[in-house]
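Enquirer: Compute the structure for the input listed below.
(2 chains)
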Protein chains: 2
Amino acid sequence: MSPAAASEHTGTMGLTFEAGATAATGGRRAALHLPHGTVQTPVFMPVGTAATVKTVQQETLEHLGANGAGAEIILANTYHLYLRPGHELVRRMGGVHRFMSWNRPMLTDSGGFQVFSLAKLRKITADGVEFRSHLDGSKHFFSPEHSMEVQIALGADILMAFDECVETPATWERTRDSMDLTHAWAARSRAYFEAHKHEVPWAQGVGNREQGTGKDSDSSSVPGSLPPVPCSPDPCSLTSVPCLFGIVQGGMYADLRRESAERLVEMDFDGYAIGGLAVGEPRDVTREMIARSLEILPRDKPRYVMGVGYPDEIEEYARMGVDMMDCVLPTRAARHGLLFRAPEPGEEIPAVDGAADPAEAETASRTAVRMNIKRVEYAEDQRPIDPGCGCPVCRRYTRAYLRHLFVAKEPLGATLNSIHNLSFYLDIMERVRRELAG
Amino acid sequence: MSPAAASEHTGTMGLTFEAGATAATGGRRAALHLPHGTVQTPVFMPVGTAATVKTVQQETLEHLGANGAGAEIILANTYHLYLRPGHELVRRMGGVHRFMSWNRPMLTDSGGFQVFSLAKLRKITADGVEFRSHLDGSKHFFSPEHSMEVQIALGADILMAFDECVETPATWERTRDSMDLTHAWAARSRAYFEAHKHEVPWAQGVGNREQGTGKDSDSSSVPGSLPPVPCSPDPCSLTSVPCLFGIVQGGMYADLRRESAERLVEMDFDGYAIGGLAVGEPRDVTREMIARSLEILPRDKPRYVMGVGYPDEIEEYARMGVDMMDCVLPTRAARHGLLFRAPEPGEEIPAVDGAADPAEAETASRTAVRMNIKRVEYAEDQRPIDPGCGCPVCRRYTRAYLRHLFVAKEPLGATLNSIHNLSFYLDIMERVRRELAG
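Expert: Model prediction:
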């Protein structure tokens, strides 16, 4: 390990990043030290939209994967938690970690992507975005400052700058204007964050309230309140503060991606995300945009591609030098009966680039076979989803049973499918980390 | 323990019942030895309608309750499994135990109750019941013989005779005619059962197929098929056969209940259920019908009240001498956000008999307080559901988080609520068993 950034660590800093040697492909094995624990990278982060990874218990998340290490970091969505139960409630409950009883690292997005994709009647100005809730149509306004305020109240370990996600396709000019807005918002996000980062619910001082002294919170003073779950690994640095990542935009234009990365690096964030990808563009465009961005982004900071992807994608991008990825795919696919498994010896899988049908190409995978568990061919199949998988589902349940649960619309089906798919994703990253460590 | 019935145990018998001394109230502590393991009674049996206790993993069921012993026996519903995935498929998969990977005792109902309450266009004749599926309207026919055939294919440890459930209210004459039909069907059920009980998928001979020799089953011969989970406690007597319970009917008429019990005892079943109760009648009528039936039913056989009830009911009936009960209430209520907890010291709960409103009286409870987790009063409540409960949910999650999950319609809410309610029910029975043994 090259402790390139370790010297930057101070008592009030939220992140240190120890990157190892770089493989020929650009990939690197690293460790990301955050207030609530250490994350081994490259890492895939399960998405816990509303402070829950849908259908999966926290106990289960903590032990997922062949090595039993579980998910070391998960996401929560700022937009969803802002609307329900509300960020001020989460703050009063001690922050999102304590609220959901998850005391490993967490990341919150900025709300930007969801405002653009889920909310109604968006009105974008230089100041921010006015939108109506997808839940009840109520009117809201997100500015960079307000996104930061909400995220600080939630109190994840990693916060994201507020960005605009341009529609796709978009012209170069439209994309450049949107990128410029994102950069202006990034600067404002950073300024607000620096002024208020000590206000996360678990930071020093505020942390005393969380520990149940009840000084500032009526709820915590109620006898019998549950104490926070200890951080894992213990001890964690709860006297620290969160960290802030900037988001590279620039649509599908390589020159804009490079420019965006340069501008953000000048602002000096704790880490850098690459946003606005995997929104319908061909896979080789995604790859190209990631590659151009990575050329600019500093090697001593974590680099995060948002919202990807299929099993072969997360493996490929990790080998290119991406340290962090997140996606709803493993859990959402699971709820729709789509399962991933390793190919059997000699089994042919259509290559992504070689498939005849471009749509097929996007869904095919070199890393994983896709199974639609509702198919009748699985009705009496006594094998586990993936005979080589060590997850609790593959150790115990047959495809026949999982098909029955799915067809009968039994909730347990979504749970078991999710546990398997998440394990599969975590195991891919574990293998990539092992190979990068060489 | 008085081994009253132990001498009846033979190598091909499915049940022995060791009943201890009887308390003044009629309650007794006993052990029920079944092919897939031993059940400590009085016992509450979670309902696994479609071969899954809704939203709860089998691993979790195995460890529920303060003592960690888990559910020792669960139910599956014959009607549901017959329609989907089909009893012949379950038979080919090795029976319902292996199909769902549950290798503790199981009980299947006869399908009668569900045919009468769920299916459409029922036509009842002396021979059986013609009905249309609630799923697709397809036409089916259940006779006593067919119910037995289906149940033997499913292969639970305890099978139930096919009965008619009379509507309520019903006249004495209508109830007597229905009861007579139930008795005729009980005799036919017993005759078919005796002739075919060795055909359960796990019985000797057929058991060889289950063990993966592949001699009789294509599915099991596929390389990589999951082996059956070992029984717990090991060893279990898989060379044995299942047992058959008769069902006492007689509506809300004490004389008919007594007559029904007498007639069934003459037929000599392995155990006796009391059916057709908790269908809307006042609690004191339920109690009276149970008491009259218990007077007749032999003390050396297990006695089972079907489909009850609220926490205080299961405690009360257990103390009266009922050995087994089942109900969807803890899991169904959980999915609707209704949670049970012990009263706090000094907390007043409206007594069942003393409540001003009869409807209220039915829902009030002396054993448990009912919490509707969606109420706003829990929005910032950092306490667990029940501070005295040792279940995994009460050890980790706050009411505030559970309310959020429920309000946000997150599937994890139903899972955590179900785990708590089932634990609460199992803990009541554990306490009653301890007190009866004392």
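Enquirer: Assess the claim that A:L61 and A:P46 are in contact.
Expert: Yes: the pair A:L61 / A:P46 is scored as a contact, 6.8 Å apart, by CB atoms under 8 Å. All C-beta atoms are positioned from the backbone trio N, CA, C, and that covers glycine.
Enquirer: Return the residues of the stretch 251-400 of chain A in contact with chain B.
Expert: Residues of the stretch 251-400 of chain A lying near chain B by CB under 8 Å from any CB of the partner chain: A:A379, A:E380, A:D381, A:Q382, A:R383, A:P384, A:P387, A:P392, A:R396, A:Y397, A:T398, A:A400.
Enquirer: got a markdown table for the residues you listed, with pLDDT too?
Expert: Output for those, formatted as a markdown table (pLDDT from 0 to 100):
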| residue | pLDDT |
| --- | --- |
| A:A379 | 98 |
| A:E380 | 98 |
| A:D381 | 98 |
| A:Q382 | 97 |
| A:R383 | 97 |
| A:P384 | 97 |
| A:P387 | 95 |
| A:P392 | 95 |
| A:R396 | 97 |
| A:Y397 | 98 |
| A:T398 | 98 |
| A:A400 | 98 |
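Enquirer: of these, closest to A:F113?
Expert: Closest to A:F113 out of these is A:P392 (32.1 Å), distances taken as CB to CB.
Enquirer: Which secondary structure element of chain A has the lowest mean pLDDT?
Expert: Across the helices and strands of chain A, mean pLDDT, DSSP states H and E gives its lowest value to helix A:206-208, namely a mean of 37.
Enquirer: ok, how many other residues are close to A:G346?
Expert: When neighbours are counted by other CB atoms under 10 Å in any protein chain shown, A:G346 registers 5.
Enquirer: on that earlier part again, following the least confident helix or strand of chain A, which helix or strand comes up?
Expert: Next along the chain after helix A:206-208, taking DSSP states H and E as the criterion, comes strand A:243-248.
Enquirer: separation between A:I158 and A:L244?
Expert: Remark: distance between A:I158 and A:L244 (CB to CB, to the nearest Å) = 8 Å.
Enquirer: quick one: contacts for A:F406?
Expert: Residues near A:F406 by CB atoms under 8 Å, 6 or more residues apart in numbering or on different chains: A:G337, A:I373, A:K374, A:G413, A:N417.
Enquirer: looking at it, the fourth one is touching A:Y397, isn't it?
Expert: Going back to what we said before, that points to A:G413. No: using CB under 8 Å, A:G413 is not in contact with A:Y397; the gap is 9.9 Å.
Enquirer: For the stretch 251-400 of chain A, which segments count as strands?
Expert: Secondary structure of the stretch 251-400 of chain A by DSSP state E, counting those that start in this stretch: the strands cover A:271-274, A:303-305, A:324-327, A:338-341, A:369-372.
Enquirer: Select, out of the ones you listed, the one closest to A:L75.
Expert: Proximity to A:L75, assessed across those by CB to CB, is greatest for strand A:324-327 (5.1 Å).
Enquirer: Just give the number of residues close to the spatially closest residue to A:G128 that is not a sequence neighbour.
Expert: Among residues not flanking A:G128 along the chain, A:S143 sits closest, at 3.3 Å (CB to CB, 6 or more residues apart in numbering or on different chains). By the criterion of other CB under 10 Å, A:S143 has 19 neighbours.
Enquirer: quick one, phi/psi of A:S143?
Expert: phi -110, psi 170 (degrees, to the nearest 10).
Enquirer: Looks like it contacts A:A161 (just checking).
Expert: No: the criterion here is CB under 8 Å, and A:S143 misses it with A:A161 at 12.0 Å.
Enquirer: re the thing from before, overlap in contacts, A:L61 and A:P46.
Expert: Listed as contacting both A:L61 and A:P46 by CB under 8 Å, 6+ apart are A:V53, A:A71, A:I74, A:L422.
Enquirer: At which residues are the strands of the stretch 1-150 of chain A located?
Expert: Using DSSP E, counting those that start in this stretch, strands in the stretch 1-150 of chain A cover A:16-22, A:28-34, A:37-41, A:43-46, A:74-76, A:106-108, A:120-124, A:129-132, A:139-142.
Enquirer: deepest of the ones you listed, which one?
Expert: Among those, strand A:106-108 has the highest mean neighbour count (mean count of other CB atoms under 10 Å in any protein chain shown), at a mean of 27.
Enquirer: Check whether that one comes into contact with chain B.
Expert: No: using CB under 8 Å from any CB, strand A:106-108 never reaches chain B; the gap is at least 14.6 Å.
Enquirer: Counting by contacts, list what that strand packs against.
Expert: The elements that strand A:106-108 packs onto, with contact taken as 3 or more CB pairs under 8 Å, 6 or more residues apart in numbering or on different chains; DSSP states H and E, are strand A:74-76, helix A:96-100, strand A:158-160.
Enquirer: ok, 6 Å please
Expert: strand A:74-76 (3 or more CB pairs under 6 Å, 6 or more residues apart in numbering or on different chains; DSSP states H and E).
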